[in-house]
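Asker: let's see this in three dimensions:
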Amino acid sequence: MTAKQKYSIGGVFLLAVVSYFFAFRKTIQLKRQYKSLVVNEQLYNSTPIQLKKLHEKDKAYDDFLASYNISSGSITNDLLEVLHTLAVDQKLLIENYSEPHIYINEETKSKTITNTFTLKGGYNGIIELLYKMEQEYTFGNITHVNFEKQKNYRTGKYHLFCEVHLQRLSSF
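Answerer: Residues are numbered from 1 along each chain as shown. Below is the predicted model of the structure:
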């Protein structure tokens, strides 16, 4: 290779580097910016469609909750409301409602929530309430029922108490 050829190759290379810094770099940057703007425009244009799908999902979830007699509020509040309604229908008293016990199992990534409440009243009313709680509502499974007959020594009357554990599983 002669010096003239070396200089011409070097000149072409230098010309390419200089033209990159003055023209091509800006063009490449503008092309990248254009691509990102096109992506943003597509996202912006698909927003009404996504919003419509979210409204449809929301309506479907509301219908699902309504079919299981659950409002979209807190499950504990719903449980208390249903318990109160059923207890009034069966002429029962809710003697005690403990705060839910929550157990988190890290291995299975599940959460077990146990609600404990005590009812006072007649045997048939308690059984009917428990049947309705398990069959008509989806608050969980009744895992424990303990009947206890206690005597009120002041009045000499016996009262039937029923402690109930209602358990539901959820993943987190």
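Asker: the lengthiest helix in the chain: what's the following helix or strand?
Answerer: Looking only at the chain and at elements set by DSSP state H, the helix with the highest residue count is helix 25-67. Once helix 25-67 ends, the next helix or strand along the chain (criterion: DSSP states H and E) is helix 75-89.
Asker: pull up the pairing partners for the helix or strand that that following helix is followed by, direction included.
Answerer: If you walk from helix 75-89 toward the C-terminus, the next helix or strand you reach (DSSP H and E) is strand 93-97. In the sheet, strand 93-97 lines up against strand 110-120 (antiparallel) (DSSP bridges).
Asker: and the angle for the partner strand with helix 75-89?
Answerer: 20 degrees (axes from the mean of the first three to the mean of the last three Cα atoms, to 10 degrees).
Asker: list the buried ones in the helix or strand that comes right after strand 110-120?
Answerer: Following the chain from strand 110-120 toward its C-terminal end, the next helix or strand by DSSP H and E is helix 123-135. When neighbours are counted by 16 or more other Cβ atoms under 10 Å, the buried residues of helix 123-135 are found to be 125-126, 129-130, 132-133. C-beta here means a position set from N, CA and C on the backbone, and glycine is covered the same way.
Asker: show me which of those residues is closest to Lys26.
Answerer: When the buried residues of helix 123-135 are compared for distance to Lys26 (Cβ to Cβ), Met133 wins out at 70.9 Å.
Asker: got the domain ranges for this protein?
Answerer: Each structural domain of the chain that the record assigns through automatic domain parsing is listed here as a residue range: 1-67, 75-171.
Asker: export these as TSV, with columns for mean pLDDT.
Answerer: TSV is the format used below for the domains of the chain (pLDDT from 0 to 100):
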stretch	mean pLDDT
domain 1-67	84
domain 75-171	91
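Asker: deepest-packed of those domains, please.
Answerer: domain 75-171 (a mean of 14; mean count of other Cβ atoms under 10 Å).
Asker: that one: how far from the chain's middle?
Answerer: Mean C-alpha position of domain 75-171 versus that of the full chain (Cα atoms, centre = their mean, to the nearest Å) differs by 24 Å.
Asker: and stretch 34-54, by the same measure?
Answerer: Here the centre of mass of C-alpha atoms in stretch 34-54, compared against the chain's by Cα atoms, centre = their mean, lies 26 Å away.
Asker: follow-up on the earlier one: hmm, which two among the buried residues of helix 123-135 are most spread apart?
Answerer: Maximum pairwise distance among these (Cβ to Cβ): 12.5 Å, between Gly125 and Met133.
Asker: so who does Leu86 touch?
Answerer: The neighbours of Leu86, taking Cβ atoms under 8 Å, 6 or more residues apart in numbering as the test, are 92, 129, 132-133.
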